[in-house]
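> Model the structure of this input:
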Amino acid sequence: MLSLAAQAGVLDRKPDYTDYDVPLYEQITNRIRAKILARLGEGTNTRDRYFIIPFAYQNKGNAPEFSHSFMSVIRVLADHRQRHLTAGLTKGTYKHREFEAFTISWLPHDFSTNPHLCVFKGFGSRLFPKMNACPLSVGRDFNLAETIQLAVNAKNAVCMWGPYEISQGGFDLGVQRLRLLESGAIMYRADDRLYRKNRSAINCFHAMAGLYDLYPNGGIFGTGFKMWGVNGTARVLMEYRDTANLRGLLLETVDEKKDRFGFVYADPNGRKPYNPFKVASAYRK
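Down below sits the predicted model:
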């Protein structure tokens with residue numbers, strides 16, 4: 001049994017304030033770059049390398065209306081080789097390494113100007129999907145900068161895992177999912193339980209889960225219920241790790257609990273930040 005002092009230590013975790021004045025998006029991209037460059041090493045990169053960076057954000061109450069799961073995917077191009085770039089992806093160069101990247105972050109199309117997410121509306125809607133009066137929304141895939149700004153606007157805690165190296169097949173499946181979301185063939189709904197048969201709407205958790213299957217089971221009743229925020233992305237990682245047809249996509253060991261790194265909003269007035277992570281960096285903007 002933990003002593004009272006040990007329990008207090010867990011509850012009083014303090015984030016690292018070293019990068020407090022660095023914008024959150026910059027903190028995150030700096031961490032991604034540093035970790036991927038360390039994996040590549042100093043020598044010539046003789047082949048394309050592929051990575052995923054899963055994310056989640058949530059507020060102190062872990063309310064579904066203020067929670068989100070999303071994932072960035074990066075292809076680092078081999079040095080000194082002719083290559084075929086993927087149409088529509090962000091292209092860039094960092095310290096002589098060329099890359100292309102995209103993010104799967106599925107939300108209502110107007111969420112940046114109307115961040116009032118309808119998740120459950122009506123008596124009994126949490127238990128019975130037919131009683132949920134939330135409307136369907138036209139969806140949009142937000143890029144990483146836009147998504148992180150949403151978290152900053154809400155002063156949410158942000159969780160990052162990885163980067164994890166994946167196979168080319170994993171990258172290709174991610175691009176296929178991105179194309180589906182961008183096609184307009186599927187809409188957004190936070191509670192997508194009624195839309196599994198006709199595949200007409202999907203939430204952020206299912207948009208990045210499965211990859212082979214749009215609606216993998218998870219959460220209470222096998223529906224994805226309670227799978228939001230950190231819980232949702234952790235469930236996605238379990239799906240990638242444990243599902244037979246996805247196991248070959250991850251090229252390294254994943255521990256969805258131990259691998260978490262947090263970014264937490266710290267009030268300039270000194271109020272204690274909401275910090276659900278063992279290791280976290282503070283941000284204010």
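> ok, the residue nearest to Glu100 when sequence neighbours are not counted - how many residues close by?
Spatial nearest neighbour of Glu100, chain neighbours left out: Leu89 (4.3 Å); criterion: CB to CB, 6 or more residues apart in numbering. Bear in mind the C-beta positions are built from the backbone N, C-alpha and C, glycine included. Neighbours of Leu89 under the rule other CB atoms under 10 Å: 16.
> Quick check, Leu89 in contact with Phe102.
Yes - taking CB atoms under 8 Å as the definition, Leu89 is a contact partner of Phe102 at 4.9 Å.
> The helix or strand hosting Tyr240: which residues count as buried?
Using DSSP states H and E, the element containing Tyr240 is helix 229-242. Under the neighbour-count criterion of 16 or more other CB atoms under 10 Å, helix 229-242 has Gly229, Val230, Asn231, Gly232, Thr233, Ala234, Arg235, Val236, Leu237, Glu239, Tyr240, Arg241 buried.
> any shared contact partners between Leu89 and Phe102?
Contact criterion CB atoms under 8 Å, 6 or more residues apart in numbering; residues shared by Leu89 and Phe102: Val175.
> where in the stretch 1-150 of the chain is pLDDT low?
For the stretch 1-150 of the chain, the stretches with pLDDT under 70 are 1-12, 82.
> just the helices in it please.
4-11, 24-40, 144-154 (DSSP state H, counting those that start in this stretch).
> looking at these, which is buried most?
helix 144-154 (a mean of 19; mean count of other CB atoms under 10 Å).
> so how far is the following helix or strand past that helix from its chain's centroid?
Later in the chain than helix 144-154, the nearest helix or strand by DSSP H and E is strand 157-160. Chain-centre distance of strand 157-160: 9 Å, with CA atoms, centre = their mean, to the nearest Å.
> who does strand 157-160 touch, helix- and strand-wise?
helix 24-40, strand 49-58, strand 261-265 (3 or more CB pairs under 8 Å, 6 or more residues apart in numbering; DSSP states H and E).
> Just put these in JSON lines and tack on distance to Val76.
What follows is the helices and strands packed on strand 157-160, written out as JSON lines (distance: least, CB to CB, whole Å):
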{"stretch": "helix 24-40", "distance to Val76": "7"}
{"stretch": "strand 49-58", "distance to Val76": "5"}
{"stretch": "strand 261-265", "distance to Val76": "21"}
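> For Ser137, find the nearest of these.
If you check each of the helices and strands packed on strand 157-160 against Ser137 by CB to CB, strand 49-58 wins as the nearest, at 19.1 Å.
> residues in contact with Phe111?
Counting by CB under 8 Å, 6+ apart, the residues that Phe111 touches are Leu117, Arg140, Phe142, Leu150.
> Between its first and last residues, how far does stretch 197-208 reach?
This stretch, stretch 197-208, spans 18 Å end to end (CA to CA, to the nearest Å).
> on that earlier part again, out of the helices and strands packed on strand 157-160, which is closest to Tyr283?
Of the helices and strands packed on strand 157-160, the one closest to Tyr283 (CB to CB) turns out to be helix 24-40, at 4.2 Å.
> rewinding a little: which other helices and strands contact the helix holding Tyr240?
In terms of contacts (3+ CB pairs under 8 Å, 6+ apart), helix 229-242 is packed against strand 49-58, strand 68-76, helix 204-208.
> Mind putting the ones you listed into JSON lines with distance to Asp19?
As requested, those are exported to JSON lines (distance: least, CB to CB, whole Å):
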{"stretch": "strand 49-58", "distance to Asp19": "17"}
{"stretch": "strand 68-76", "distance to Asp19": "19"}
{"stretch": "helix 204-208", "distance to Asp19": "27"}
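> With distance to Arg284 and mean neighbour count as added columns, please give those in CSV.
Shown next, in CSV, are the helices and strands packed on helix 229-242 (distance: least, CB to CB, whole Å; neighbours: other CB atoms under 10 Å):
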stretch, distance to Arg284, mean neighbour count
strand 49-58, 16, 25
strand 68-76, 20, 26
helix 204-208, 26, 27
